[in-house]
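Asker: sequence first, then the predicted structure:
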Amino acid sequence: MEKKIRVLIAKPGLDGHDRGALVIAQALRDYGMEVIYTGLRQTPEQIVAAAIQEDVDAIGLSCLSGAHNELFPAVTELLKTRGADDILVIGGGIIPAEDVPFLESKGIRKIFTPGTPTIEIARYIERAVYERDGIPLEQPIEVEAIDHIGIAVRSIADCLPFYQEKLGFSLERTETVEAQKVKVAFLKAGNFHLELLEPIGDDSPVARFIAQRGEGLHHVALEVRDIDGQLRRLETAGIPLVDHRARPGAGASRIAFLHPKAAHGVLYELCEKKAEH
Amino acid sequence: MAQSSTDFQKAYEEWLERTKRLMEKFPERKDEFSTGSGIPIERLYLPATLNDEYMEKLGLPGEYPYTRGIRPTMYRARFWTMRQYAGFGSAEETNRRFRYLLDQGQTGLSVAFDLPTQIGYDSDDPMARGEVGKVGVAIDSLADMEQLFDGIPLDRVSTSMTINAPAAILLAMYIAVAEKQGVPADRLSGTIQNDILKEYIARGTYIFPPKPSMRLITDVFAYCSQYVPKWNTISISGYHIREAGSTAAQEVAFTLANGIAYVEAALAAGLDVDRFAPRLAFFFNAHHHFFEEIAKFRAARRIWARIMKERFAAKNPKSLELRFHTQTGGSTLTAQQPENNVVRVTLQALSAVLGGTQSLHTNALDEALSLPTEETARLALRTQQILAYESGVADTVDPLGGSYFIEALTDQMEEKVIAYLKKIDDMGGSVRAIEQGYMQEEIHRAAYETQKAIEKGEHIVVGVNAFRVEEEREPKRHRVDPGLAEKQIARLQAVRAGRDGERVRQTLAALKRAAEGSGNLMPPILDCVKAYCTIGEICGVLRGVFGEYNGV
C-alpha cells in the first residue's frame, strides 16, 4: 500500500500573497497527498502546533515579504524544541539565491523559487519522505490480473464470426471511443477478455498501427488498483510513459499506456476498473 | 429612436467648441503634432460618418460613455502621471529614494508601507517579527511620517499611499504633516488605496470585519468631501485580484462589483452620490495579452459610466468618469533571465497608455527577486519616459479606437464583465459574495489553470518553460538594512517616552467612544495622530471595539 503523505502549507508572518501557496496546495492534492493549508498570518508557534497536531510529514512555508530569514528558521528551531524535527521543512517565495545557504544551514531542506514546476516540488517531498521513512523509492508496480488483450483488426464485423463461431467467445458489447478514433468490441470466454480495435478513419492510431505492422496483437492491458500511484512509481523509476496521468477508457475505467520502447516492443496498458459497490 | 447624422454633426461641433475652451485653460503640449515625414497628427480620428452605434458605444473622448478616454485631449495636453511605487526600510531612507525619484523627473509619489503598518501593528509588536521595513517603509507614528516627507512640499506633489485597513490613520498623518508645513488640507492632492474589499478577496492586509471597515471608508468619503476635496478617497483595485490569478474579465468585474458596494455603502450612510463619486479612483493591472488589456481598460470605462448614470443616477459628469492608475503585472515577471522583464514591462506599459491610463507604475526588472535597486528603479521610470517623449503614442487620442479587433474585444470584455456583475448582484452584492468565498474560489481556479497550462507548455513563458539558459546570472540586489528593525524600535520607544502621555490617553479614549457610537471617526483619529499615538495603539482601540476578521 502506498504511504499517504500529509503536508502542511503555511504562510508565516504578515504577507498576504497566497496565490503560490494555494496553487501548490492544490497541485500536491492532485498528486495524491493530503494537504492542510493554514491560511494567512500564522506565527511560527501556530505553524508548528498545527503541524504536530495534524501529524504531517512535511511543512511547506511560503513567504514573499522578505521576512524568510527570520521566520523560516524560527519554525525549524521550534520543531527541534518540540522533538518534531523529523517533519521536513521546505520553503518558497521571493527568496534571493544568496539567502538559500543560510536557510539550508538552519534546517530548511530546500527552497523552491518562482518558476519551479509544481510536479518537481511534489516529487521532492515524496522522495524525501520515503527516504526518511525507509520506504524503498523504486518499488515494482502491483498487477492484479491481465484485464484484456487488445487486437487490431481492419473490420470487427469481418472477424467476429471467427471469434464467436470457432473460438466460442461471446460478444459483451461494442463501443466507440471518439478520442482514440477507434471502435472496440469486448469479447469474453471464461474469465478472459479480448478487445478488438477497429480504426475510424486513416488518422486513427490503430490505422497507423495496421499500416505499419498489419493486423494482430496490439496491446496487453494489466489491471491495477490506484493507477495514479502505479504511474508515479513507474515515473520515479524513469520508465517512459505515453500517458503521465490516467485518462478515461472504455467502460468507465481509467487507463494509461506505457511506451513500447519501455517494454521491449510490447504496448502495455494499465487499467483501473471502476470501483464495484 | 435613431438620431440623424445632422444631430451627430452638431454634437461633434459642440465637442470641438468645448475642447477649444478647455485648451485655453489647459493647452496641448505642442501647437502642432506631426510625424517625422511631415504628416500631421490630428487630435482625434473618427469614422467618416457618425452613427447611432458609434455614438452609443464609443462617443467622443471626454464624454459619455468615455470609451475613448476621459479627457478630450488626453496626453496631447499632459502625459499620464509617472508614479513609481517606492518605500523600504526607514522613513529616512525612503525619503532619500523619493527625492531621488523626483530629481529623475518622476511626477508623483507613491508610498509603499511595510506589512506591520498595513495591518496596524507597531514595529515592536511580536506579530511584526521579521517584517519591519521589508516590503515598504515602517511608520509607527506621526514622527515617522514627518521624516518621510521632510523637505518635500506637500502642496506641490501628489502622493498615493498603498494603505487599506488603516487608511484613515495614514491620511490623518498626512494631513497633520501638511499642517506643520503650513499647507492646508484643501490643497492636498493624492490617493489612499482604502479598498478593503479586495483585501478580503486577494491581498490579505485586512484588520476589521467588513461592516466596520465599510464605515471607516465612508467616514473618509464624508470627511474628505468637506475638508480634503482634491483627495482621491479610494482606489478601487483590480491589480491585486489579477496578481492573485484572475482573468482580465474577472479583474474588471470584481473591481466594479466592489465599486458598486462602496457607492451603495456611501449612499446608505446618507452621502450624495455627486459629492463623493468624483473622488473615486481605480487601479488596474497591465498584464501580458496586449490587445485584451487595451480592450479591458476601454470596456471598464464604458461599463462604469453606465453604472453610475443608470444605476445610481449620478448627474455630475465627474461621477461618471472612471479614472485609473495602472501598474504592470508583477506576476508576469520572471526570476529567470530578469533582463527579459524590461521588454515585458514595456509592452504592458504601452497597453496601459493605449488604454488611456491616468497614471502608471512600471515594474523594475528585478522584482521577482527582491525590491528594486536605484538603477533598476530608474530604468523602469525611463521606460515610461521613452514611451511618452520618444514613441509618439501620446500624440493622438485613443489611437486604436475604431480598430475592428479592439472594438470587438472591448464589446466582448463588456459582455463577460456584465455577466459576472449580474451573478454577484444575484448573490446579494460584493460583500456577500466575498463572505461566501465566491471571488476567491473563481480566482484560485483561474490561477491553477494558468499554472497547469504553463507546466504543460501550452502557455509559454520565455526563459521559464522555453528558451532557457543554463547559467542564470544573479543580478545586483537591493538589501534592506538588517539592523533596521532594532533602530525603528528604538525610535518608536523614544517617541513613546517623549510625548504627552495624558493627551495620548485622552485622545485614545475619545476615539474609543466615537467608535462605539456612530459619528465620523476622522476627527478623533486626527486628534490621536497629532498626539503621537502609534498606529498599533489606534488600531488596538479599534480592534477592541470592532473585532478582527479572520478570513473565510
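Answerer: Structure's in. What do you need?
Asker: near chain A, which residues of the stretch 401-550 of chain B?
Answerer: Residues of the stretch 401-550 of chain B lying close to chain A by Cβ under 8 Å from any Cβ of the partner chain are B:444, B:447-448, B:451, B:455, B:461, B:464-465, B:474, B:477, B:480, B:550. Where C-beta positions appear, they are placed from N, C-alpha and C, glycine not excepted.
Asker: again, only this time at 10 Å
Answerer: Contact residues (Cβ under 10 Å from any Cβ of the partner chain) of the stretch 401-550 of chain B with chain A: B:440, B:443-445, B:447-452, B:454-456, B:461, B:463-465, B:468, B:472, B:474-475, B:477-480, B:482, B:485, B:550.
Asker: which residue does chain B bring closest to chain A?
Answerer: Chain A sits closest to residue B:204 of chain B, with a gap of 2.0 Å, by Cβ to the nearest Cβ.
Asker: and the longest helix along chain B, what does it pack onto?
Answerer: Counting by DSSP state H, the longest helix found in chain B is helix B:404-426. Where contact means 3 or more Cβ pairs under 10 Å, 6 or more residues apart in numbering or on different chains; DSSP states H and E, helix B:404-426 is packed against helix B:52-57, helix B:248-268, helix B:290-306, helix B:430-435, helix B:438-455.
Asker: try it again at 6 Å.
Answerer: helix B:248-268, helix B:290-306 (3 or more Cβ pairs under 6 Å, 6 or more residues apart in numbering or on different chains; DSSP states H and E).
Asker: now the angle from that helix to helix B:248-268?
Answerer: Computed by axes from the mean of the first three to the mean of the last three Cα atoms, to 10 degrees, the angle separating helix B:404-426 from helix B:248-268 equals 50 degrees.
Asker: flag every buried residue along stretch A:208-216.
Answerer: Applying a neighbour-count criterion of 16 or more other Cβ atoms under 10 Å in any protein chain shown, one finds A:209-210 buried in stretch A:208-216.
Asker: what's in contact with it?
Answerer: A:152-153 (Cβ atoms under 6 Å, 6 or more residues apart in numbering or on different chains).
Asker: next: stretch A:184-197.
Answerer: Stretch A:184-197 is contacted by residues A:148-153, A:156, A:163, A:168-175, A:182, A:206, A:218, A:250 when judged by Cβ under 6 Å, 6+ apart.
Asker: could you write me a PyMOL select line covering just the buried ones among the residues you listed?
Answerer: In PyMOL, a selection of the buried entries from the contacts of stretch A:184-197 looks like this (16+ other Cβ under 10 Å):
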select buried, chain A and resi 148+150+151+152+153+156+163+169+182+206+218+250
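Asker: what about residue A:126, neighbour count?
Answerer: Counted with other Cβ atoms under 10 Å in any protein chain shown, the neighbours of residue A:126 add up to 23.
Asker: quick one, what contacts it?
Answerer: Contacts of residue A:126 by Cβ under 6 Å, 6+ apart: none found.
Asker: now do 10 Å
Answerer: Each residue near residue A:126 by Cβ atoms under 10 Å, 6 or more residues apart in numbering or on different chains is listed here: A:2-3, A:5, A:28, A:31-33, A:57-58, A:135, A:137, A:232, A:236.
Asker: just those residues: which are in helices?
Answerer: Going by DSSP H, the helices hold A:28, A:31, A:232, A:236 from the contacts of residue A:126.
Asker: pLDDT and neighbour count for those residues - can I get that in TSV?
Answerer: Output for the ones in helices among the contacts of residue A:126, formatted as TSV (pLDDT from 0 to 100; neighbours: other Cβ atoms under 10 Å in any protein chain shown):
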residue	pLDDT	neighbour count
A:28	96	24
A:31	89	19
A:232	83	19
A:236	78	15
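Asker: what is the nearest of the residues you listed to residue B:25?
Answerer: Nearest to residue B:25 among the ones in helices among the contacts of residue A:126: residue A:28, at 60.2 Å, using Cβ to Cβ.
Asker: hmm, back to that, out of the residues of the stretch 401-550 of chain B next to chain A, which are buried?
Answerer: Here, 16+ other Cβ under 10 Å leaves B:440, B:443-444, B:447-448, B:450-452, B:454-455, B:461, B:463-465, B:475, B:477-478, B:480, B:485 buried among these.
Asker: what lines up beside the helix or strand bottoming out on mean pLDDT in chain B in the sheet?
Answerer: Using mean pLDDT, DSSP states H and E, strand B:81-86 stands out as the lowest-scoring helix or strand of chain B, at a mean of 87. Sheet pairing of strand B:81-86 (DSSP bridges) gives strand B:108-112 (parallel), strand B:359-361 (parallel).
Asker: now the element after that strand, going C-ward?
Answerer: Once strand B:81-86 ends, the next helix or strand along the chain (criterion: DSSP states H and E) is helix B:91-103.
Asker: how far away from the center of its chain is that next one?
Answerer: Centroid separation between helix B:91-103 and its chain, computed with Cα atoms, centre = their mean, to the nearest Å, is 21 Å.
Asker: again with stretch B:439-453
Answerer: That offset, for stretch B:439-453, works out to 23 Å (Cα atoms, centre = their mean).
Asker: same question for stretch B:277-291.
Answerer: Distance, centroid of stretch B:277-291 to centroid of chain: 8 Å (Cα atoms, centre = their mean).
Asker: how many neighbours does residue B:351 have?
Answerer: 25.
Asker: scratch that, residue A:259
Answerer: For residue A:259, using other Cβ under 10 Å, the count is 13.
Asker: any idea how far it is from residue B:526?
Answerer: According to Cβ to Cβ, to the nearest Å, residue A:259 and residue B:526 sit 72 Å apart.
Asker: same deal with residue A:178?
Answerer: Residue A:178 sits 69 Å away from residue B:526, going by Cβ to Cβ.
Asker: and those two? Which one has more around it.
Answerer: Between residue A:178 and residue B:526, residue B:526 has the larger neighbour count (other Cβ under 10 Å), namely 23 against 8.
Asker: helix, strand or coil for the residue nearest to the more buried one when sequence neighbours are not counted?
Answerer: Nearest non-adjacent residue to residue B:526, counting by Cβ to Cβ, 6 or more residues apart in numbering or on different chains: residue B:172, 4.5 Å away. Secondary structure, DSSP: H, G, I helix; E, B strand; the rest coil: residue B:172 is helix.
Asker: for residue B:172, give me its contacts.
Answerer: So residue B:172 contacts B:142, B:145, B:166, B:220, B:223, B:521-530, B:538 (Cβ under 10 Å, 6+ apart).
Asker: let's see 6 Å
Answerer: By Cβ under 6 Å, 6+ apart, the residues touching residue B:172 are B:525-526, B:529.
Asker: would you agree residue A:274 is in contact with residue A:254?
Answerer: No - the criterion here is Cβ atoms under 6 Å, and residue A:274 misses it with residue A:254 at 8.2 Å.
Asker: would you map the helices across the stretch 251-400 of chain B?
Answerer: Remark: helices assigned in the stretch 251-400 of chain B by DSSP state H, counting those that start in this stretch are B:273-276, B:290-306, B:317-320, B:340-354, B:374-389.
Asker: and chain A, is the fourth one touching that?
Answerer: No - under the criterion of Cβ under 6 Å from any Cβ of the partner chain, helix B:340-354 makes no contact with chain A; the nearest approach is 11.7 Å.
Asker: touching that helix from outside, list them.
Answerer: Here helix B:340-354 makes contact (Cβ under 6 Å, 6+ apart) with B:286, B:290, B:293-294, B:326, B:328, B:332-333, B:360, B:362-363, B:365, B:383, B:387, B:393, B:400, B:463.
Asker: which residues does the residue nearest the centre of chain B contact?
Answerer: Centroid check for chain B by Cα atoms, centre = their mean gives residue B:283 as the closest residue, at 3.5 Å. Residues near residue B:283 by Cβ under 6 Å, 6+ apart: B:235, B:237, B:239, B:325.
Asker: I'm done for today, thanks for sticking with me.
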